[in-house]
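>>> fold the following for me, if possible:
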Amino acid sequence: MLMLMICVYGIYILFKFIDRITRSEEELDFEEEKEFILKGSKQRTAGVIDKLIGATRRVADSISFMITADNRDKLRNEYKSFVQKLHSKKVIESYNVTAQEILELMLAKVPNQKDQLLSITDIYEAVRYGTRYPEDSELKSFQKNIAEISRSIQQMQ
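Numbering: from 1, shown residues only. Next up, the predicted model:
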């Protein structure tokens, strides 16, 4: 039984890997927007099996992402997680806000983090809406700035 589950899990990871490689940029943008919209909707209560399947799927997605993601994907994923944190902390009301609106809201909340906020917004917009490819050092700086801002928000509450 364990071997069967491992095989199924391996096939699932392989499928996700191939799917991720073959997606176009437009499909990825649509998926990202769809995730934000559907997160806020009511979902039915999951049973034990559904939770186990969901956890397995999340792990497989995470492994697939680590294998196939480039710095653009990683940066966008970091920003998405940041927005989800802001939403869970009730800093933003909905997921339907732009990066500039988030910047304005955050400047009002943590004005001492202005340089970090401007930096992450500039890099994110250049990557998300432009053709910029972030170097490893820029990605590390982006992650560091988000961590600092997250700590500031944590301390406020």
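
>>> got the contact list for I53?
Applying C-beta atoms under 8 Å, 6 or more residues apart in numbering to I53 gives no contacts. The way it works is simple: take the backbone N, C-alpha and C, and place the C-beta from them, glycine included.

>>> off-centre distance for the strand or helix carrying it?
Applying DSSP states H and E as the criterion places I53 in helix 48-68. Relative to its chain's centre, helix 48-68 lies at 15 Å (C-alpha atoms, centre = their mean, to the nearest Å).

>>> all helices for this structure, in order.
Assigned helices in the chain, in chain order: 2-22, 25-39, 48-68, 71-88, 99-109, 114-129, 136-156 (criterion: DSSP state H).

>>> could you tell me the least trusted of those helices?
Comparing mean pLDDT across the helices of the chain, the lowest value falls on helix 25-39: a mean of 53.

>>> looks like K114 contacts L107 (just checking).
Yes - contact criterion C-beta atoms under 8 Å: K114 and L107 qualify, at 6.2 Å.
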